[in-house]
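>>> Take a look and give me a structure for this.
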Amino acid sequence: MPRVYNFSSGPATLPEIVLKKAAGEMLEYGKSGMSVMEMSHRSSDFEDIIAETKALLIDIMNIPPDYEVLFLQGGASTQFTMVPMNLAANNKSFDVIHTGIWTEKAIKEGEKLAKVNIIASSEDKKFTYIPSVENLHYNKDSDYIHICYNNTVCGTKYNALPNIDNIPIVADMSSCILSEEYDVSKFGVIFAGAQKNIGPAGLTVVIIKKDLMKRADKNLPSMFNFNVQAENKSMFNTPPTYAIYISKLVFQWIKDLGGVKEIEKINRHKSALVYDFIDNSKLFKNNVDKKFRSMMNIPFTTGSKEMDNLFVKEAEKNSLANLQGHKTAGGMRASIYNAMPVEGVESLIKFMEKFELEHG
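Presented below is the predicted three-dimensional model:
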């Protein structure tokens, strides 16, 4: 069976060239005589792999030298606990701009460790927009402000950041990291689960300003202490070795394409194709405020649950997989991460045109 176009929100499609490279090295990496999956994380071969992975990410994201890059486990969800454990150490308080299910989870976990203040929310319109970041009534004693930069379920993204002096911004970028250029220096922490734009599930990337790491209490459990993880070069315990290796290949793929700048051009083109079709369709609708539409996750619906279900089933027959919307949102959702080729987007639009002619 030929490969399908996989529109899953995560774990998501990977670049075919990366999969082929990994397949060629499956039995033996370099001259090691073994697969990376069999390799000790203490071996010189793997130490080189993780060092190269870190160097590539620093390069393609232009990460300043006063930031630490960590490769951790537990998914982005663990960061809902780990970040307040380490950063909410001064005043035991942080602010959140509430934009959907993932900030809801961050609020719930954060409240177990600190006072959480919701300083803006888009819940009034079912999270179909990003609240204004101008003139926020934030708390001056907050240790940081938490945002989810791109929202997979409702399909929104930030176009500007809160401009707040001396309060670090913590950004969950799980579904948008590497999709467009970011000025890392404007963030205190960026964290991202790997399974959308980086590599396989099981790895979490944390980019943190080194000064913020000084806040952590020395008595924090070692696995949850950013300082301990940094001192041990992300290998306090056995890291997700194969996921790190695949991520290295993905980072190299991005660099070879011309870097994040070029990926962003492709992503803007892909998302524009889909939004332009939907906006001119008489059958399909996208309910997100146009100013805040995500480039990565595009939810849409026909307005009929039965018709939506039929669309998903028929799409699967046409090698267009995982287009069902999130269980809390319904409808459909096309996740078009970095590795989704333009041809996949064009195939989706062609099918949507056909479906509309037959059922519109």
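
>>> pLDDT below threshold where in the chain?
Applying pLDDT under 70 to the chain flags no residue at all.

>>> Using the record, which stretches count as separate domains in it?
Domain assignment of the chain by automatic domain parsing yields the ranges 17-257, 259-359.

>>> Columns mean neighbour count on top of these, output as CSV?
C-beta: built from backbone N, CA, C; applies to glycine. Written out in CSV, the entries for the domains of the chain read as follows (neighbours: other C-beta atoms under 10 Å):
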stretch, mean neighbour count
domain 17-257, 18
domain 259-359, 18
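
>>> need those domains in a markdown table with distance to P2, can you?
As requested, the domains of the chain are exported to a markdown table (distance: least, C-beta to C-beta, whole Å):
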| stretch | distance to P2 |
| --- | --- |
| domain 17-257 | 14 |
| domain 259-359 | 7 |
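
>>> out of the ones you listed, which comes closest to G10?
The minimum distance between G10 and the domains of the chain falls on domain 17-257, with 4.4 Å, by C-beta to C-beta.

>>> Could I get the full set of strands for the protein?
5-6, 67-72, 93-98, 115-121, 145-148, 150-151, 156-157, 169-172, 189-193, 204-209, 297-300, 320-321, 332-335 (DSSP state E).

>>> Need these in a markdown table (columns: distance to E180).
Shown next, in a markdown table, are the strands of the chain (distance: least, C-beta to C-beta, whole Å):
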| stretch | distance to E180 |
| --- | --- |
| strand 5-6 | 21 |
| strand 67-72 | 19 |
| strand 93-98 | 19 |
| strand 115-121 | 23 |
| strand 145-148 | 16 |
| strand 150-151 | 10 |
| strand 156-157 | 9 |
| strand 169-172 | 13 |
| strand 189-193 | 13 |
| strand 204-209 | 15 |
| strand 297-300 | 14 |
| strand 320-321 | 25 |
| strand 332-335 | 15 |
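
>>> roughly how far out does stretch 200-209 sit from the chain middle?
For stretch 200-209, the distance between its averaged C-alpha position and the chain's averaged C-alpha position is 10 Å (C-alpha atoms, centre = their mean, to the nearest Å).

>>> ok, residues contacting it?
The set of residues that contact stretch 200-209 without belonging to it, under C-beta atoms under 8 Å, 6 or more residues apart in numbering, is 10-11, 14, 57, 61, 63, 66-76, 78-79, 168, 177, 184, 187-195, 198, 226, 239-240, 242-244, 246-247.

>>> Take the residues you listed and keep only those in helices.
Using DSSP state H, the subset of the contacts of stretch 200-209 located in helices is 57, 61, 75-76, 78-79, 226, 242-244, 246-247.

>>> Just the closest of the residues you listed to M1, please.
Using C-beta to C-beta, I246 is the member of these that lies nearest M1, at 22.7 Å.

>>> Leaving out chain neighbours, which residue sits closest to that closest one?
The shortest distance from I246 to any residue other than its chain neighbours is 4.2 Å, reached at G199 (C-beta to C-beta, 6 or more residues apart in numbering).

>>> The one you found and Q252 touch, don't they?
No: taking C-beta atoms under 8 Å as the contact criterion, G199 and Q252 are not neighbours in contact, 11.6 Å apart.

>>> Mind listing the shared neighbours of the two?
Taking C-beta under 8 Å, 6+ apart as the contact criterion, G199 and Q252 have no common neighbours.

>>> any idea how far Y275 lies from K126?
Taking C-beta to C-beta, to the nearest Å as the criterion, Y275 is separated from K126 by 19 Å.

>>> Can you tell me how far V274 is from M352?
Counting by C-beta to C-beta, the separation of V274 from M352 is 9 Å.

>>> which other residues reach stretch 274-291?
With C-beta under 8 Å, 6+ apart as the contact definition, stretch 274-291 has outside contacts at 126, 128-130, 154-156, 159, 293-294, 298-303, 334, 336, 345, 348-349, 352-353, 355-356, 359-360.

>>> How about stretch 352-360?
Residues outside stretch 352-360 that contact it (C-beta under 8 Å, 6+ apart) are 277, 281-284, 302, 307, 310-311, 314-315.

>>> you'd agree E180 is up against E262?
No: counting by C-beta under 8 Å, E262 is not a contact partner of E180; they are 10.9 Å apart.

>>> Check the ones in helices among the contacts of stretch 200-209 against D48 and report the nearest one.
For these, with D48 as the reference and C-beta to C-beta as the criterion, the closest is I244, at 11.5 Å.

>>> Enumerate every residue touching that closest one.
Contact criterion C-beta under 8 Å, 6+ apart gives 49-50, 53, 71, 199, 203 as the residues in contact with I244.

>>> try T156
Applying C-beta under 8 Å, 6+ apart to T156 gives the contacts 99-100, 122, 127-130, 150, 288-289, 292-294.

>>> for D217, same thing?
A89.

>>> Quick check: which of the domains of the chain is nearest to V4?
The closest of the domains of the chain to V4 is domain 259-359. By C-beta to C-beta, the value is 4.4 Å.

>>> re the thing from before, helices - which of the contacts of stretch 352-360 land there?
If you go by DSSP H, these have 277, 307, 310-311, 314-315 in helices.

>>> Now distance to L19 too, for those residues, in a markdown table please.
A markdown table is the format used below for the ones in helices among the contacts of stretch 352-360 (distance: C-beta to C-beta, whole Å):
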| residue | distance to L19 |
| --- | --- |
| F277 | 29 |
| M307 | 34 |
| L310 | 31 |
| F311 | 28 |
| E314 | 27 |
| A315 | 23 |
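
>>> show me what contacts S294?
By C-beta under 8 Å, 6+ apart, the neighbours of S294 are 150-152, 155-157, 175-176, 271, 288.

>>> Looking at these, which one is closest to K112?
Taking the contacts of S294 together and measuring to K112 by C-beta to C-beta, the closest member is N151, at 22.8 Å.
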